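Novice: only geometry, no sequence info:
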């Protein structure tokens, strides 16, 4: 999939003459501020200033200086300013020019090189079942609206897409096999509206409706300009890195699965299309990603482990640590449908399982009601900083409700703290979980060495 420039922001863009802005009162003043923004150097501070202006109703970006722009759909509860996203080996789309054909001096200036980017990663997202029916009824359905404010703090947003996206004539779950499901094609746009930049397709549901539905899933994601890792039309694409670039800071994503619903993946036709979590393949892929020109950091997604169990399997522990040893900067786990422990290994965060994100909870497994978002600040030439952002899952059509803004925060913060004590107690050297801030996230740090 070629590179694409995506901006998710307010439907209003800064354009028109100064006289027209002045006639709009305070919005006119913001418009004049927009002109000043165009003259600012392209620094991270300018981008943060633009974010603040966007919350007041003015969308600013490098393209805002060049005239009217077509804007992408927006989740109703957040204002996000997106980043330039490119696939490895492709060039980002050039900036739009004004109606006169000239390019402003600001947009022609060389792009700055970022020293850090923030990744927010979530666990299992199922666009099938009840969620799929909602999307079929309302193509503009905001699946991520309830947690959009948390997601807006990221430069890159990643989830595990635990369903195909295919047209099954209105069916989103098999009438005879409840663990076979698919999201409709519009699920790709639902991901894009939620600001999701990249998904993992390396999981056990990627063949539920067969190869044709798998290939349709790829096409639907490409149409919506949502990137994917861990799968592809060829084996090389499945095991290759998908690179997301934010102002020159390039993050390579790899994804692998240890679980396959149709028997052993290595003996199934999908072995040519979905990346299997074999240790030698994982290590080789990470080293290959590290060798790509311009790649700054490598993030690995792993789908495996045992469902509804608090502790990761030893195989998962060994594989996650091997990934860090091979050069990964963070490892994101999912599949158990419950959160599992977090550790800082050699300065790098390992999230053994983030649990469900947007996936229906299990009635008899109350731990499925609590999920985690991983927030990782990837820093050039330094180890990452990491936070955990808990949330609860509610509803037959699942909604993710973060601690920040939850009217029942006091109760659920106690529930979350108890859950974190349980899962952190299940691994040998758990990360220390700090206090939760106003945003509902808690910073992680390595354990204090024992004297």
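Specialist: Cool, got the structure. It should be emphasised that the depicted structure is a prediction, and the values quoted were computed from it without experimental measurement.
Novice: can you pull out the helices in the stretch 301-450 of the chain?
Specialist: Per DSSP state H, counting those that start in this stretch, the stretch 301-450 of the chain carries helices over the ranges 314-326, 409-424.
Novice: contact partners of the first one?
Specialist: Counting by C-beta atoms under 8 Å, 6 or more residues apart in numbering, helix 314-326 makes contact with 258, 277, 279, 282-283, 286-287, 300, 302, 304-305, 312, 331, 333, 345-346, 348, 350, 352, 427, all of which sit outside it. (Each C-beta comes from the backbone N, C-alpha and C, glycine too.)
Novice: low-confidence ranges in the protein?
Specialist: For the chain, applying pLDDT under 70 flags the ranges 1-112, 451.
Novice: Tell me what the residue sitting nearest the centre point of it is bridged to.
Specialist: Central residue of the chain (C-alpha atoms, centre = their mean): residue 158, 1.5 Å from the mean position. With DSSP bridges applied, residue 158 shows beta-bridge pairing to residue 121, residue 198.
Novice: Relative to residue 119, how far out is it?
Specialist: Using C-beta to C-beta, to the nearest Å, we find residue 158 at a distance of 6 Å from residue 119.
Novice: same check, this time on residue 216
Specialist: Note on residue 216: its distance to residue 119, by C-beta to C-beta, is 28 Å.
Novice: cool, residue 125 as well?
Specialist: When distance is defined by C-beta to C-beta, residue 125 is 16 Å away from residue 119.
Novice: repeat for residue 347
Specialist: Here residue 347 is placed at a distance of 16 Å from residue 119 (C-beta to C-beta).
Novice: Same check on residue 395?
Specialist: Plainly put, residue 395 is 27 Å away from residue 119 if you go by C-beta to C-beta.
Novice: what do you get for residue 148?
Specialist: The gap separating residue 148 from residue 119 is 16 Å, by C-beta to C-beta.
Novice: beta partners of the residue lying closest to residue 328 once chain neighbours are set aside?
Specialist: Among residues not flanking residue 328 along the chain, residue 300 sits closest, at 4.5 Å (C-beta to C-beta, 6 or more residues apart in numbering). Beta-bridge partners for residue 300, by DSSP bridges, are residue 254, residue 331.
Novice: Contacts only, for residue 300.
Specialist: With contacts defined as C-beta under 8 Å, 6+ apart, residue 300 is in contact with 253, 254, 255, 256, 282, 286, 323, 328, 330, 331, 332.
Novice: Take these and lay them out in TSV including neighbour count.
Specialist: Formatted as TSV, the contacts of residue 300 follow (neighbours: other C-beta atoms under 10 Å):
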residue	neighbour count
253	27
254	28
255	30
256	27
282	24
286	23
323	28
328	27
330	23
331	27
332	29
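Novice: Which one of those residues is nearest to residue 168?
Specialist: Nearest to residue 168 among the contacts of residue 300 is residue 255, at 24.4 Å by C-beta to C-beta.
Novice: ok, the closest one touching residue 237?
Specialist: No - the criterion here is C-beta atoms under 8 Å, and residue 255 misses it with residue 237 at 11.7 Å.
Novice: Mind listing the shared neighbours of the two?
Specialist: residue 231.
Novice: Strands along the stretch 201-350 of the chain, start to end?
Specialist: Here the stretch 201-350 of the chain has its strands, by DSSP state E, counting those that start in this stretch, at 227-229, 242-246, 249-257, 295-303, 330-334, 342-345, 348-351.
Novice: Next, format the ones you listed as JSON lines and append distance to residue 446.
Specialist: Formatted as JSON lines, the strands of the stretch 201-350 of the chain follow (distance: least, C-beta to C-beta, whole Å):
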{"stretch": "strand 227-229", "distance to residue 446": "28"}
{"stretch": "strand 242-246", "distance to residue 446": "27"}
{"stretch": "strand 249-257", "distance to residue 446": "23"}
{"stretch": "strand 295-303", "distance to residue 446": "19"}
{"stretch": "strand 330-334", "distance to residue 446": "14"}
{"stretch": "strand 342-345", "distance to residue 446": "4"}
{"stretch": "strand 348-351", "distance to residue 446": "10"}
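Novice: out of these, nearest to residue 448?
Specialist: Using C-beta to C-beta, the strands of the stretch 201-350 of the chain put strand 342-345 closest to residue 448, at 11.7 Å.
Novice: and residue 280, how many neighbours?
Specialist: 8 (other C-beta atoms under 10 Å).
Novice: typo on my end, it should be residue 353
Specialist: That count, for residue 353 with other C-beta under 10 Å as the rule, works out to 32.
Novice: check contacts around it.
Specialist: 123, 305, 312, 333, 334, 335, 336, 338, 339, 340.
Novice: State the pair within the residues you listed that is farthest apart.
Specialist: Maximum pairwise distance in the contacts of residue 353, criterion C-beta to C-beta, is 13.7 Å, between 123 and 312.
Novice: Who has more neighbours out of residue 148 and residue 119?
Specialist: Higher neighbour count among residue 148 and residue 119: residue 119, with 27 against 23, using other C-beta under 10 Å.
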